[in-house]
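[1] Dropping the sequence and predicted coords here.
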Amino acid sequence: MSKSINYNKQIKQYNLEMGKVVFFENYLIIEVAEGISFDYEKAKKLSELTNLHFQDRSFGYISNRVNSYSLEPIDYTRIKEVFPNLSVFAVVTYNKSQETSVKIENMFYQEGIVSFDNLKKAIKWVEKKLDNQTDI
């Protein structure tokens, strides 16, 4: 990951054609590669890794959008099919265009995507939300 984050709790990192994915105990951070078209098929491939790491546990997903890539917002209507245990979804944006994209994506993902302007805030929020779920 490009931003200065302490990855001591990192469990596994994958450098895939679609981008870099770092797994932690109960969440992942993905940086989709420059120019990639991230679609339903790529999400299904990523779900193989989430199933391996999280099995049937709830997890958080952080999209760290340091690169420019495309995606199909309509694919968000099928996200629970691909990631049935996805509990919290955060996106880190770095410009106004990305912020606008997240607003559009939220129209298709009923669970809600929370946007942040830096990775540390996103990680802190995801960890807090996941901790609150285990306290219930």
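    On my side now, so go ahead. Residues are numbered from 1 along each chain as shown.
[2] Okay, now the unreliable bits of this protein?
    Low-confidence segments of the chain, defined by pLDDT under 70: 1-8, 134-136.
[3] quick one: the strands in the chain?
    Applying DSSP state E to the chain gives strands spanning 12-16, 19-23, 27-32, 37-38, 59-64, 70-71, 86-92, 114-116.
[4] could I get these as a markdown table with distance to Ser47 and mean neighbour count?
    From N, CA and C alone the C-beta is placed, and that goes for glycine too. Formatted as a markdown table, these follow (distance: least, C-beta to C-beta, whole Å; neighbours: other C-beta atoms under 10 Å):
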| stretch | distance to Ser47 | mean neighbour count |
| --- | --- | --- |
| strand 12-16 | 13 | 13 |
| strand 19-23 | 11 | 20 |
| strand 27-32 | 11 | 24 |
| strand 37-38 | 13 | 16 |
| strand 59-64 | 11 | 23 |
| strand 70-71 | 15 | 14 |
| strand 86-92 | 9 | 21 |
| strand 114-116 | 21 | 18 |
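[5] got those as a markdown table, with distance to Leu130 columns?
    Below are the strands of the chain laid out as a markdown table (distance: least, C-beta to C-beta, whole Å):
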| stretch | distance to Leu130 |
| --- | --- |
| strand 12-16 | 18 |
| strand 19-23 | 14 |
| strand 27-32 | 7 |
| strand 37-38 | 23 |
| strand 59-64 | 6 |
| strand 70-71 | 24 |
| strand 86-92 | 6 |
| strand 114-116 | 13 |
